[in-house]
Structures are given as structure tokens and as C-alpha cells.
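Asker: here is a sequence with its predicted model. Questions after.
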Amino acid sequence: MRALATREVAIVAFAQTRHTPHDTGLTEPELILPVINEVKRRTGLERFGFTCSGSCDYLAGAPFSFVSALDALGAWPPISESHVEMDGAWALYEAWVRLQHGDVDSALVYGFGKSSLGDLRTIMTLQLDPYYLAPLGLDQLSYAALQAAAVGADRKELDEIVRRSRADGRANPYALDLPDPEGEDLAVQPLKQTDVPPSTDGAAAIVLAAGDLARELSESPAFVRGIAHRIEPHYLGMRHLARSVSAADAARAAGVGKGPVEVAELHAQFPHEEIILREALELTGDTVINPSGGPLAANPVMATGLIRIGEAAQRILDGQARRTVAHAAGGPCLQHNLVTVLEA
Amino acid sequence: MGNRCAVIGVGQTHYTTRRRDVSIAGLVREAALRALEDAGLTFKDIDAVVIGKAPDLFEGVMMPEAYLADALGAAGKPMMRVHTAGSVGGSTALVGASLVQGGVHDRVLVVAFEKQSESNATWALSTHLPFNSSLVVGAGGYFAPHIREYMRRSGAPDHIGTIVAVKDRLNALKNPYAHLKIPGIDQKMVESTPMLWEPIRYLETCPSSDGACAMVLSSESAVTGTPAWVHGTAMRSEPIFRAGRDTVSPQAGKDCAADVYRQAGIADPRRQIDVAETYVPFSWYEPMWLENLGFAAEGEGWKLTESGATALDGDIPWNASGGVLSSNPIGASGLIRFAEAALQVRGMAGEHQVDGARTALGHAYGGGAQFFAMWIVGREKP
């Protein structure tokens, strides 16, 4: 594999919905429209060289979710546009690649998901091998619990991650207001009810710009200095569940270790995943983890990973940090990991 | 734009109603291994995998790239899943090409599939979001009114659709991978089949197929074997609901064609393109796309079809492979168009090879005729 392409690309605007734990009655286009308008307003851009989105039909229980979402863009005259049936973080990756061509200078990326329309715990079962695993009914919590057991983390450490995430979430106007974790109610052993990410509806949008345009549109653009992703085998038995080889490989390829990481936004839906990811990304105690509250404070599936990138970028856009890292995940038990390094 | 990119391997499965002998993973692996064999490579030589398919509800597997990573040798590599409705096969090729053109990877495997025997596509295509009732049945129910409007505007006679249905099925007889092989097919046979959605008859519509298609894309420095060079790539989308949107000849299709022709230096597609693989799932879409893609003036597309210009021995063969009308594993159908275009300029299309083909168009569309993906490939380096 060759070295990463070199055209300078930066995040110049990020917007997200005030995420909700329930259906507010908004359709997906209605959910997306305000965040699209927000990033358009902040950048002053009405048209983009490329547009890419991430979503999943199974959340709505109907095919072609992204088709009606496109209507929120006012895609007229027609636009250069694509879609990944993945978290919006991979839509950002596709847009970043497209900007490397050199012929377009800006890209709009968005991701959206309404978990409230169904039972995520059941729906995610359909992501498994359809012949051998899905029929067993191994659901999202069960396989997360398998991984938590493999990690064998200290209960106090897990509780502290949840407590910190929820407290940070309460301070984040976009995340949910969740109380300090109490009680010992088990979800699936060893995971407690409070270890489970909240069902969340939400959307997010990001604008990418290349080179000079990035500096024109923002006083402190968050430059993408490295971005890479890796997938692992699907079968849990073929992986070392307590570690994430793919997150570590992606982190190395993105260059996480080339400098100090002030803030890391990790797509850790369960507290034990944060432990695995901290190790894989070789983050030290100096790094502030998930100051937004992370997925344990708001988990709009298909936008959660993109929000991590947006939150990590926002620290730089706000001038609060010079080097941050964002992580997005897909597949059961952190099968697929994307790591982005952002610098002022 | 960007770095040069070439197709150096193409692999297809036989397209058929039911592949009971393989799983979904077995199906995609079969196509991938054939593409690698064509390129003289193995999975070890691949830097990244891009997979495309139409809605997950077709097979009932959510985000199947997670499950398919193992079968496609993707473990330890980047893998992406593209979904742009019916145009997805084309978009998948373009995302793969983009990884090469953007200088991110040297060799990318792109794969697209559908295993319709494990699904009910018409049901999945008729299910709308729970905010409105469905007024149509399947894709045919949606597109039939657009075809009727085309006939009204252009004054095309009723038999044009049957000409395309016969022509593409005759071409399919020369393609070893084609699904529908109907010996002795003629206009009378097509006209004798039941009317499904006026004016679309049974034999004027595409089959439901199982199948997968794969390609190996390469940077200039990593080329093996016989390359088909990518001369232009373009995607365009427009909203499904917009007052005044022309669903008969969508603006996104016109803009997409204009963009890809500009990149490839094509001013007159009918003269400069030697063969076109276009997304024609209902026979009437050939004359409609002939106009939308600039091969004929508005209202004149049906005359080109009627004159025999688009037949295998005509001056601009369309769908020499038999097209979507002969094989339709939905998610793969667009990629098959792109792959067949590459095979033609590599001179590797076998019995349905168009003599001397040097420049070819691959075309796909999806959604409510609102998503478009196209590329131009050529024998010469751009």
C-alpha cells in the first residue's frame, strides 16, 4: 500500500441535531434539513463539489432511506452524490478520497438514523452471517457482553466510564440528559443496564474543504492529517475479542502516534469498548476521552461515528485544541474501525 | 480526474434464477476469484475492497459487508459498502476507481451482487416508509407511466419496445453468463406475453437473477495483463420529489453524461463511442436513454432503435451482452454494465465482442430515475 495521499483537506463546519431518546415525529428529511442548513450557513456555501451520506435502511424498516433524505438537500440542479450503507464516518472517508482527485474543492457529508422506529437490539442481529449466526438470535447486547467478558475489565473502571460519559453528556446540549448510573440491574452479564447506550434519534453534517478554500471558510480549519480504516473477520472466534487489531492498524496508518493527542472521540458504545480502543490507539492518560459524552450519552446509529469526527474537529475549530483523534466503528464487536487524525 | 486508473480484471458468475449451490458469500467469492484470475493476481495483491448491492431488505442481511469480509479476503484491509439504489453497481465501480484516482490505493477489488432467490424484490420495492401508502407494485409499476409519457411525447409506435426486447435477448444468446436464453425469440413471441404494467409486457421486463460481478482496478504503476483505461467518471443525483422534474429524461442523466463526455473528450457520443452498456431494465428505456445520453435528438431515440443502429451489427451497439433485460441481479446490474464496457475495449467480450471497439460507455441508473453513474473506458491510455 502506498503512503496516504497528500492534498490538504480540512473540516470547516460541523452541525448536529439535539438528539432525542424518542421519536419526535420528524421524518428523516426533516431531521437532516436543519443540520444541512446550519453547515451551509456557517460556510456560506450553497453548492458542494461532492456530497456523500451514510445511513441504514433497516432502521426505518424500509428500503431506500437515503432516497427521501436526498430531498432535504434541494439537490437541484442535480449534484454529484453518493451514499454508503454505513455510518456517516465512512461517507466522510469517501468524500475525503474524492477531494484527493484535485478537481473539486468542497464536500458535504451527512449521516442520520432513527433508532426509535424499531428495536435496535433485535435489528442488529440481521447484520450477522445469515446462515449460521443470525438464526441463533445472538443479539447486539449478547455479543457485546461476550466481548465485555473477554476484556474482563474491573467493574469500577466500567462504572467510572459510564459515570464520566453521562456527566459529560449532560453538559453537552446535543446529547441526552441521563442521570448518574445507579443500580446493579444486569442487561446481559457482565453488562449492566447502565452500560447500554441509549436509543437515540439524530443526524449530523460536516463540510470538508481542500487547500486554500479551507482557510477561506474557517479561521481555524481542522485538517485531516490522516484517515484510515480496516475490517476484521466477521466470526468472533477468529478474533482476539479483548483487543482490536483493526483499530490498531487503522490508528497506525492514520498516524495517531506521530504526536500528542489532546482529545479523542471514540465510537465506544459500551464502556469495555473504550478500554479496548484506548489500548488499540495507544492513548495515554493525558488524552481527554469523549468530552462530548460519547455514544454512552447519545447514540444516533449511523451518525454516531460521524459525530465523533465532528466533535473532534470542533475542538480545533473552536481553537481549544491543536491535535485530536476521532474513531468510528461498524459491525459486531468493533469489527470495522476508522481512525481520523485532525490538526489545526 | 486524478491519477490514471485501469480495469485489469473482470469476473462474473453465471446469472440464473436460483443459485442453490452457493451462499451469498460463495457467490461473491466466485466472481472475485474470477476477476483476480483475469488480472493474474490473488487476494494478497489487493489493497482495499468496495462492495455494492441494492437494498439490504432484498436478502434480509443488514450491512452484509460485515459478514462478507472473510469471503472477499478483506480482513486486515479497508472495506466499504456503497448503496445508491439501482445505480449502485456503477457507483461501486466509481468509488473503487476514486480510491485509485485519489492516489490512496494501487489495487482495489470492487464487487457487487444480488441473490434474489433468497428474497422477494418486488415486495421490497413496494414497501414505502410508513408515512404514505404505496400506489405502485415493484419497479415496473413506478416506471410504466414514465414510458407512456415518452410514447405520447415522441409519437413512438407500439412495437419499439419489442424490438429492444428481441435484440437484447438475441445478444444474450452469445453471452455465456446471460440468464435469459430464449432460442427463436422474435417480436411475435414478445407480443404474445401478458401485459404486466401497460405498456410493459412480460418479455419486455428484466428477470430476477442471482449473480455477482467483480473487477480489479489498478493504478498505472500496478497494471497487469490487458488494461481498459478509465477516461471519465461521473455521478449525478436529483430529488425524487420536485415540481417540474422531468422523469422521462432526467436532468441528472443529461448532466452526468455531459460531465463524463467532457472528461473523455467526447463531443458526439454516437460517432465517438463504439459500444454502450446501458441500464435498460424495461425495453422502452433504450430509446429513452438514447435521447437522455445524447445519442439521438429529443423524440428521435426510437427511430435509432427501429433503424437497427443499436443492434450488435449496427453502428452503435447497445447492450451487446444482452443487458439488464437478459440478466438482472439488481445490485450487480450496474457493475456488469461497467465491466462489460471494459471487456469490450480489452477485446475480451467473446462472441458478443464488437469488432474494433476502442471506446465504451458504462451507464447505470437508480431510484426514481434520479441517481446516475457513468464511465467511459478506452483501449488507449487517457
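Answerer: Arrived safely. Note that the coordinates shown come from a computational prediction; the quantities given were computed from them, not determined experimentally.
Asker: quick check: phi and psi at A:D212.
Answerer: Backbone torsions for A:D212, taken as degrees, to the nearest 10, come to phi -60, psi -40.
Asker: that one: how many residues sit nearby?
Answerer: 10 (other C-beta atoms under 10 Å in any protein chain shown). C-beta coordinates here come from the backbone N, C-alpha and C atoms, glycine included.
Asker: now swap in A:T24 and tell me
Answerer: 12.
Asker: excluding covalently adjacent residues, which one is nearest to it?
Answerer: A:D201 (7.0 Å; C-beta to C-beta, 6 or more residues apart in numbering or on different chains).
Asker: pop out the phi and psi values for that neighbour.
Answerer: phi -110, psi 140.
Asker: what of A:N172?
Answerer: Main-chain dihedrals, A:N172, degrees, to the nearest 10: phi -100, psi 110.
Asker: which parts of the chain are strands?
Answerer: No chain specified, so I'll use chain A. A:9-16, A:50-54, A:81-84, A:106-114, A:186-188, A:191-192, A:201-210, A:222-231, A:263-265, A:288-289, A:323-330, A:336-343 (DSSP state E).
Asker: oops, wrong one, chain B.
Answerer: Using DSSP E, strands in chain B cover B:5-12, B:48-52, B:79-82, B:107-115, B:195-197, B:200-201, B:210-219, B:228-237, B:275-277, B:359-366, B:371-378.
Asker: please name the residues that touch A:G257.
Answerer: Contact partners of A:G257, counting by C-beta atoms under 8 Å, 6 or more residues apart in numbering or on different chains, are A:251, A:282.
Asker: one more time with 10 Å, if that's ok
Answerer: Residues near A:G257 by C-beta atoms under 10 Å, 6 or more residues apart in numbering or on different chains: A:251, A:281-283, A:341.
Asker: tell me who's in contact with the residue in chain A sticking out farthest from the centre.
Answerer: Relative to the centre of chain A, and counting by C-alpha atoms, centre = their mean, the farthest-placed residue is A:P77 at 30.1 Å. Shown in contact with A:P77 (C-beta under 10 Å, 6+ apart): A:47, B:236, B:238, B:251-252, B:255.
Asker: out of those, flag the one nearest to B:W302.
Answerer: Comparing these against B:W302 with C-beta to C-beta places B:Q251 closest, at 21.0 Å.
Asker: check the contacts of A:G257 one by one and keep those near chain B.
Answerer: Near chain B, judged by C-beta under 10 Å from any C-beta of the partner chain, there are no entries from the contacts of A:G257.
Asker: pull out the buried members of those.
Answerer: Those of the contacts of A:G257 that meet the buried threshold are A:251, A:281, A:283, A:341, by 16 or more other C-beta atoms under 10 Å in any protein chain shown.
Asker: format the residues you listed as JSON lines; extra columns: pLDDT.
Answerer: Compiled in JSON lines, the buried ones among the contacts of A:G257 are given as follows (pLDDT from 0 to 100):
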{"residue": "A:A251", "pLDDT": "98"}
{"residue": "A:L281", "pLDDT": "98"}
{"residue": "A:L283", "pLDDT": "98"}
{"residue": "A:V341", "pLDDT": "98"}
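Asker: between those, which is closest to chain B?
Answerer: Lowest distance from chain B to those (C-beta to the nearest C-beta) belongs to A:A251, with 13.4 Å.
Asker: next, the contact list for that closest one, please.
Answerer: By C-beta under 10 Å, 6+ apart, the neighbours of A:A251 are A:226, A:228, A:230, A:244, A:257, A:261, A:277, A:280-283, A:325, A:327, A:337, A:339, A:341.
Asker: identify the residue nearest the geometric centre of chain B.
Answerer: So for chain B, C-alpha atoms, centre = their mean, it's B:G334, sitting 2.4 Å from the centre.
Asker: against chain A, how distant is that one?
Answerer: Taking C-beta to the nearest C-beta, to the nearest Å as the measure, B:G334 falls 13 Å from chain A.
Asker: my read: that residue touches B:V280, true?
Answerer: No - the pair B:G334 / B:V280 is not scored as a contact, 11.8 Å apart, by C-beta atoms under 10 Å.
Asker: okay, and the common contacts of the two?
Answerer: In contact with both B:G334 and B:V280: B:324, B:363, B:365, using C-beta under 10 Å, 6+ apart.
Asker: and of the residues you listed, the nearest to chain A?
Answerer: Chain A has its nearest neighbour among those in B:Y365, at 12.1 Å by C-beta to the nearest C-beta.
Asker: so who does that closest one touch?
Answerer: B:84-87, B:90, B:236, B:250, B:252-253, B:256, B:278-281, B:285, B:289, B:292, B:334, B:371-374.
Asker: now do 7 Å
Answerer: Residues in contact with B:Y365 (C-beta atoms under 7 Å, 6 or more residues apart in numbering or on different chains) are B:86-87, B:253, B:279, B:371-372.
Asker: show the pLDDT at the residue nearest to B:W318 when sequence neighbours are not counted.
Answerer: Nearest non-adjacent residue to B:W318, counting by C-beta to C-beta, 6+ apart: B:T310, 4.0 Å away. Note for B:T310: predicted pLDDT of 98.
Asker: next, B:T310: phi, psi?
Answerer: Torsion angles, degrees, to the nearest 10, at B:T310: phi -90, psi 0.
Asker: can you tell me how far it is from B:L304?
Answerer: From B:T310 across to B:L304, the span is 6 Å (C-beta to C-beta, to the nearest Å).
Asker: sounds good, over and out.
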